[in-house]
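J.: Attaching a predicted model along with its sequence, questions to come.
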Amino acid sequence: VPAILVILFLPDDMEQSLTHTNTELTAKKCAHWVSLKGMPDVPNETNITIRLPKKQILSPSQLKEILENISECREIEYGI
């Protein structure tokens, strides 16, 4: 099962950060993603550091590519 971690960075003012209508959801700032497949095992079970590549911005085209890879059973390894 693919495991993709997405971190959404929001402005301090939550009222300004998300807006929605019946046809649209808009989030200000950005989201980054990383695949957890192949992440090295760590002995610590309470705090785990995950490197989040700044180049991996979750854009609409990036989300489409991730979903296509998953649907075609192509693996997305940690750190890619």
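T.: Here it is on my side, so go on.
J.: What ranges in the protein fall below the confidence cut-off?
T.: Residue ranges of the chain with pLDDT under 70: 79-80.
J.: Let me see the ranges of the strands in it.
T.: Along the chain, counting by DSSP state E, strands occupy 4-9, 18-20, 25-27, 30-35.
J.: Reformat those strands as TSV; add mean neighbour count.
T.: Glycine gets a C-beta too; all of them are placed from N, C-alpha and C. Listed next are these as TSV, based on neighbours: other Cβ atoms under 10 Å:
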stretch	mean neighbour count
strand 4-9	13
strand 18-20	11
strand 25-27	10
strand 30-35	18
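J.: what would those strands look like in JSON lines with distance to residue 61?
T.: Shown next, in JSON lines, are the strands of the chain (distance: least, Cβ to Cβ, whole Å):
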{"stretch": "strand 4-9", "distance to residue 61": "15"}
{"stretch": "strand 18-20", "distance to residue 61": "22"}
{"stretch": "strand 25-27", "distance to residue 61": "16"}
{"stretch": "strand 30-35", "distance to residue 61": "13"}
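J.: Nearest to residue 71, out of those strands?
T.: strand 4-9 (13.2 Å; Cβ to Cβ).
J.: List the strands paired with the closest one, with their directions.
T.: Using DSSP bridges, the strands paired with strand 4-9 are strand 30-35 (antiparallel).
J.: Could you tell me which helix of the protein is the longest one?
T.: Counting residues, the longest helix in the chain under DSSP state H turns out to be helix 60-71.
J.: neighbouring contacts of it?
T.: Applying Cβ atoms under 8 Å, 6 or more residues apart in numbering, the contact partners of helix 60-71 are 2, 4, 33, 56, 75-76.
J.: swap the cut-off to 6 Å and go again
T.: 2, 76 (Cβ atoms under 6 Å, 6 or more residues apart in numbering).
J.: Show me which positions of that helix end up buried.
T.: residue 66 (16 or more other Cβ atoms under 10 Å).
J.: Going forward, count from 35.
T.: Noted, 35 is the first residue going forward, which turns the last one into helix 94-105.
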